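Enquirer: I'd like to go over a predicted model; first the sequence, then the structure.
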Amino acid sequence: MCAALLVQRADTGEAGKLRLACPDGHWTHWDNPLPVVAALVEVEGRILLARNAAWPEKVFALITGFMERGETPEQGVARELKEETNLDADQVTLIGVYEFMRKNELIIAYHVKASGDIRLSEELVDYRLVVPEKLRPWRAGTGYAMADWMRARGLPVEFLDWPST
């Protein structure tokens with residue numbers, strides 16, 4: 001706000017936690033996690049996994065996106081699903097809330113029963129429809145949501161390793 005360079009400053013109200021702040025106290029960068037919605041999408045009994053254009057060829061995951069001002073998480077997940085896949089969210093049920101510290105995000109994950117014709121946005125380049133018994137979650141954010149959803153249905157969970165490149 002005052003154009004001063006930010007410094008690491010101890011926050012006296014939070015036991016000395018270091019935060020980037022104006023040296024004169026005009027502004028503090030809180031760096032709070034961003035809320036992200038995730039959809040484990042079920043279409044006619046199969047789960048939709050999609051590949052982002054920036055990901056390696058064999059990496060597929062859940063539909064995710066940032067919430068927007070003025071919408072509930074349920075509205076946000078339905079909007080993201082429509083924007084990214086053209087599918088309509090017919091039923092939205094909370095799976096759980098998960099940390100994704102690597103990207104400073106808080107993931108609100110839903111099981112979404114959906115219908116319609118799949119048409120991917122330019123953000124996504126491919127998709128798969130997988131029977132629930134064949135799902136293999138990954139050890140990060142939305143992968144834990146998938147594992148919890150599978151366990152709740154009595155399905156065995158076998159984690160896979162997410163490719164590093």
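Expert: Right, received. Where do you want to start?
Enquirer: Would you map the helices across the chain?
Expert: Counting by DSSP state H, one finds helices in the chain at the ranges 73-85, 141-152.
Enquirer: what distance separates stretch 143-155 from the centre of its chain?
Expert: Using CA atoms, centre = their mean, to the nearest Å, the mean C-alpha position of stretch 143-155 is found 16 Å from that of the whole chain.
Enquirer: now swap in stretch 129-145 and tell me
Expert: Relative to its chain's centre, stretch 129-145 lies at 13 Å (CA atoms, centre = their mean).
Enquirer: Give me the contact list for the lowest-mean-pLDDT helix or strand in the chain.
Expert: Here the helix or strand of the chain ranked lowest by mean pLDDT, DSSP states H and E is strand 28-29, holding a mean of 79. Contact with strand 28-29 is made by 6, 9, 11, 19, 20, 21, 22, as judged by CB atoms under 8 Å, 6 or more residues apart in numbering. The way it works is simple: take the backbone N, C-alpha and C, and place the C-beta from them, glycine included.
Enquirer: As CSV, the helices of the chain with mean pLDDT would be great.
Expert: Shown next, in CSV, are the helices of the chain (pLDDT from 0 to 100):
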stretch, mean pLDDT
helix 73-85, 98
helix 141-152, 97
